[in-house]
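Chemist: Just the structure for this:
(2 chains)
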Amino acid sequence: AQSVTQLGSHVSVSEGALVLLRCNYSSSVPPYLFWYVQYPNQGLQLLLKYTSAATLVKGINGFEAEFKKSETSFHLTKPSAHMSDAAEYFCAAVDSGNTPLVFGKGTRLSVIA
Amino acid sequence: DTGVSQNPRHKITKRGQNVTFRCDPISEHNRLYWYRQTLGQGPEFLTYFQNEAQLEKSRLLSDRFSAERPKGSFSTLEIQRTEQGDSAMYLCASSLQGVWDEQFFGPGTRLTVL
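Modeler: Predicted coordinates for the structure are as follows:
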């Protein structure tokens, strides 16, 4: 069964610094991959998704992620952190077919002024 | 734009009571999902519907849990004889039919069982 691992339950960066949130998936067949963001007291919002069209995926709010099959990774990056990026970030995967999303445990991003 | 809505947003109940939550998906979406999220964890899949058919249930969904989606529109999730371990955020999401289609999430219902 698919599993998703997010390294680091909490990441803290300075405003303007690079953001790197790590995600690894388990299956040998590349799944569809997603990054969601959750702000306090709100539902999850899709940042970006990988569906095999391109390995570098650009999303909203300046985020992007690169799919690396050799590393079974889909890390999320943003060149310059903004205070408004402080939130919980979840990586998720779905295998082809009628299977639901499998989420990682999430990474809480703090941005320090 | 009427996204996914969930009611109530908060529910406090005593152990042993029954509770019911409602989810109204985006109108043209034929898939509807229920997830449970506990503190420090990502959402965990409970069940999903395609139109009115319940296609998959997680092993997390004990026999005290039941979900319905009459007429393929809104959905309800009922928990009977609640236990303290049921305390969590219950999230609903909806999507079009493809597995790669974005799931749009509602704000969730936070359940506290005393």
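
Chemist: mind listing what the residue of chain A found nearest chain B touches?
Modeler: When scored by C-beta to the nearest C-beta, chain A has A:F103 as its residue closest to chain B, at 3.2 Å. The way it works is simple: take the backbone N, C-alpha and C, and place the C-beta from them, glycine included. By C-beta atoms under 8 Å, 6 or more residues apart in numbering or on different chains, A:F103 lies in contact with A:4, A:36, A:90-92, B:35, B:42-44.

Chemist: so what's the most centrally placed residue in chain B closest to, chain neighbours aside?
Modeler: With distances taken as C-alpha atoms, centre = their mean, B:W34 lies nearest the centre of chain B, 3.3 Å away. Nearest residue to B:W34, sequence neighbours excluded (C-beta to C-beta, 6 or more residues apart in numbering or on different chains): B:L46, at 4.3 Å.

Chemist: just B:S5 next, same as before
Modeler: B:D24 (4.6 Å).

Chemist: And A:D85, by the same measure?
Modeler: A:V111 (5.6 Å).

Chemist: For burial, what's the neighbour tally of A:S9?
Modeler: 12 (other C-beta atoms under 10 Å in any protein chain shown).

Chemist: Hmm, I typed the wrong one, I wanted B:S87.
Modeler: Neighbour tally, B:S87, other C-beta under 10 Å: 17.

Chemist: can you list the residues of chain B near chain A?
Modeler: B:3-4, B:33, B:35, B:40-45, B:48, B:55-56, B:91, B:93, B:99-100, B:102-108 (C-beta under 8 Å from any C-beta of the partner chain).

Chemist: Touching, B:G40 and A:E88? I think so.
Modeler: No - counting by C-beta atoms under 8 Å, B:G40 does not reach A:E88; the two are 9.9 Å apart.

Chemist: Stretch B:57-73: end-to-end distance?
Modeler: End-to-end distance for stretch B:57-73: 19 Å, by C-alpha to C-alpha, to the nearest Å.
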